[in-house]
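Student: please find the sequence and the predicted model below.
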Amino acid sequence: MKKLNLGSVGGGKKASSSKASYPVVPDPNGNVAKMVSEVIKLTAEKKAIEGGLKLAKGEVGGSDGLVPLARKFFIESTAGKSDVPSSVEAVCDDGSVLIVMQNRYKACEDEAALSAAIGKANVNRYFYNKFVITVDGDKVPEAVAQTLIDEMAALFAKHGASDALSAKSVTVPKAEFHESRHTILTADQNAKVDELCPPVVAVKERKES
Amino acid sequence: MIEIPTYPARPVNGGKLDLAPSKRGAWVSEPKWNGWRAVVHVPTRRMWNRHGAPLSIAKDFAEALETLQRCAIEWLDTEALERRHNIGRGTLIVLDSIVRGVAYEDRKAMAAKFFPDAPLDPAAIGENQVYVSPHFAGVPNSVWLYESLRQYRGFFEGIVMKRSGSPYPFQTRSDGKETVDWVKHRYA
């Protein structure tokens, strides 16, 4: 299988942490406190339920849980058949769930082990080296952005791979807008911006330190 | 160059124990220590964090790493104490022995041959020591452990439940990949 060298393409994230005090949302009639209480209670229940669901479902390759059980049944019952169902069903008195065998796979970490398991010929026939290159437009100097895009398009066209390039252009605030908006715009203007370009707002429980 | 054989096992977040659905099968509970997760290569005294990055704090655990030399296990999954709460400075808690194909209880027994169980009272935790994280079988004990450690909240974050008999979940795919054989139940 032909390998591509993506060596110089990559990046990392910087970690940050801070402890700060924040202005508190006014609560003249106690409604904020009720909603906060509800968020905290439901968040705790959600975490517990999500964890319980993960355990009940299990994981591919695991020994316990619905998924490994269903996967084992699916593989054994479809062996040698060409007409294979997309799902299997598991039932209980209250209803049933479908375990959908999607045509989606995580990347194989160990090609040698895969070759040993199914043979190199099968690996070469049914597996390939998939890659996605992402260009972070925010990190391309504005002055050269258009030239770079044009040259990249030309390069892909030259190799008959124009369809491999996809691009999306949207209008988003520059990094400095987030801080500056409160001094350069009125509250009304900022409310309008919120309608037109909704900010991402997360609600999360504040942990005790 | 040495590479870690696996990311340290990452438990599923099971939320608060009293809100969690009941689990099927046999489970064992351990304290969830509030420290820094560290994979240790015993012969070279080198340490890695939970993201698989080399740790530069090994010098702060020199005595404990020296103590580890008496054990015959090459790779250990540990919690490094002191940096968050100033208790047990330089102490390593052995959470697990990183060996393939050995059941949980047998891996714990491997480490217990060399090191004592950690006390559950933070005041009894010594500095520059090596302890094994104690484990307790059965659901009633998980509730007992969870509630008993609550008074030391800050030193303990809750409990981690591990499926009885399960192998160590070796994987180098992602530091974020969880194993359904381990579940953490925190107080918050």
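Tutor: On my side now, so go ahead. Numbering: from 1, shown residues only, chains lettered A, B, ... in the order given.
Student: alpha carbons only for contacts and neighbour counts from here, please
Tutor: Will do.
Student: could you give the mean pLDDT of the longest helix seen in chain A?
Tutor: In chain A, assigned by DSSP state H, the helix with the most residues is helix A:31-57. Across helix A:31-57, pLDDT averages out at 95.
Student: same question, stretch B:54-70
Tutor: Averaging pLDDT along stretch B:54-70 gives 93.
Student: would you point out which residue is most central in chain B?
Tutor: In chain B, the centroid-proximal residue (CA atoms, centre = their mean) is residue B:95; its distance is 2.7 Å.
Student: circling back to that earlier point, just checking, what packs against the longest helix of chain A?
Tutor: In this structure, helix A:31-57 makes packing contacts with helix A:66-77, strand B:10-13, strand B:178-186, judged by 3 or more CA pairs under 8 Å, 6 or more residues apart in numbering or on different chains; DSSP states H and E.
Student: the last one pairs with which strands, parallel or anti?
Tutor: Listed by DSSP bridges, the sheet partners of strand B:178-186 and their directions read strand B:10-13 (parallel), strand B:156-163 (antiparallel).
Student: surely the residue nearest to the centre of chain B forms part of a strand?
Tutor: Yes - applying DSSP: H, G, I helix; E, B strand; the rest coil, one finds residue B:95 inside a strand.
Student: give me the element residue B:28 is part of.
Tutor: Using DSSP states H and E, the secondary-structure element containing residue B:28 is strand B:27-33.
Student: could you give the angle of that strand to strand B:156-163?
Tutor: Angle of strand B:27-33 versus strand B:156-163, following axes from the mean of the first three to the mean of the last three CA atoms, to 10 degrees, is 150 degrees.
Student: how far off centre is strand B:27-33?
Tutor: 8 Å (CA atoms, centre = their mean, to the nearest Å).
Student: does that strand reach chain A?
Tutor: No - taking CA under 8 Å from any CA of the partner chain as the criterion, strand B:27-33 and chain A are apart, separated by no less than 12.2 Å.
Student: which SSE is immediately downstream of that strand?
Tutor: Of the helices and strands lying after strand B:27-33 in sequence (DSSP H and E), the nearest is strand B:36-41.
Student: got the contact list for that next one?
Tutor: In this structure, residues lying in contact with strand B:36-41 by CA atoms under 8 Å, 6 or more residues apart in numbering or on different chains are B:4, B:8, B:46-50, B:55, B:74-81, B:83.
Student: what about it, average pLDDT?
Tutor: Averaging pLDDT along strand B:36-41 yields 96.
Student: parallel or antiparallel, list what pairs with it.
Tutor: Using DSSP bridges, the strands paired with strand B:36-41 are strand B:46-48 (antiparallel), strand B:75-80 (antiparallel).
Student: mean neighbour count and mean pLDDT for those strands - can I get that in TSV?
Tutor: Compiled in TSV, these are given as follows (neighbours: other CA atoms under 10 Å in any protein chain shown; pLDDT from 0 to 100):
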stretch	mean neighbour count	mean pLDDT
strand B:46-48	23	96
strand B:75-80	25	97
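Student: could you dump the ones you listed to a markdown table with distance to residue B:103?
Tutor: As requested, the strands paired with strand B:36-41 are arranged in a markdown table below (distance: least, CA to CA, whole Å):
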| stretch | distance to residue B:103 |
| --- | --- |
| strand B:46-48 | 24 |
| strand B:75-80 | 15 |
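Student: of all the ones you listed, which one is nearest residue A:55?
Tutor: Each of these was scored for nearness to residue A:55 using CA to CA, and the closest is strand B:75-80 (22.5 Å).
Student: coming back round to it: return the most buried member of the strands paired with strand B:178-186.
Tutor: Mean neighbour counts were compared across the strands paired with strand B:178-186 using mean count of other CA atoms under 10 Å in any protein chain shown; the top stretch is strand B:156-163, at a mean of 24.
Student: now do that strand: everything it contacts.
Tutor: Here strand B:156-163 makes contact (CA under 8 Å, 6+ apart) with B:11, B:25-34, B:104, B:142, B:145-146, B:149-150, B:181-187.
Student: restricting to C-alpha, output that strand in CSV.
Tutor: Below are the C-alpha coordinates for strand B:156-163, written out as CSV (Å, rounded to 0.1, in the frame of the first residue of the first chain):
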residue,chain,number,x,y,z
PHE,B,156,-9.9,11.8,47.0
GLU,B,157,-12.0,12.8,44.0
GLY,B,158,-14.4,9.8,44.4
ILE,B,159,-13.9,6.2,43.4
VAL,B,160,-12.9,4.3,40.2
MET,B,161,-14.8,1.0,39.6
LYS,B,162,-13.0,-1.6,37.5
ARG,B,163,-14.6,-4.7,36.0
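Student: about what we covered before: nearest to residue A:47, out of the strands paired with strand B:178-186?
Tutor: strand B:10-13 (6.9 Å).
Student: return the closest one as CSV; C-alpha atoms alone will do.
Tutor: Listed in CSV are the C-alpha atoms of strand B:10-13, where the atom choice follows Å, rounded to 0.1, in the frame of the first residue of the first chain:
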residue,chain,number,x,y,z
ARG,B,10,-9.1,6.2,30.8
PRO,B,11,-12.3,5.5,32.7
VAL,B,12,-15.8,6.3,31.5
ASN,B,13,-17.3,9.2,33.5
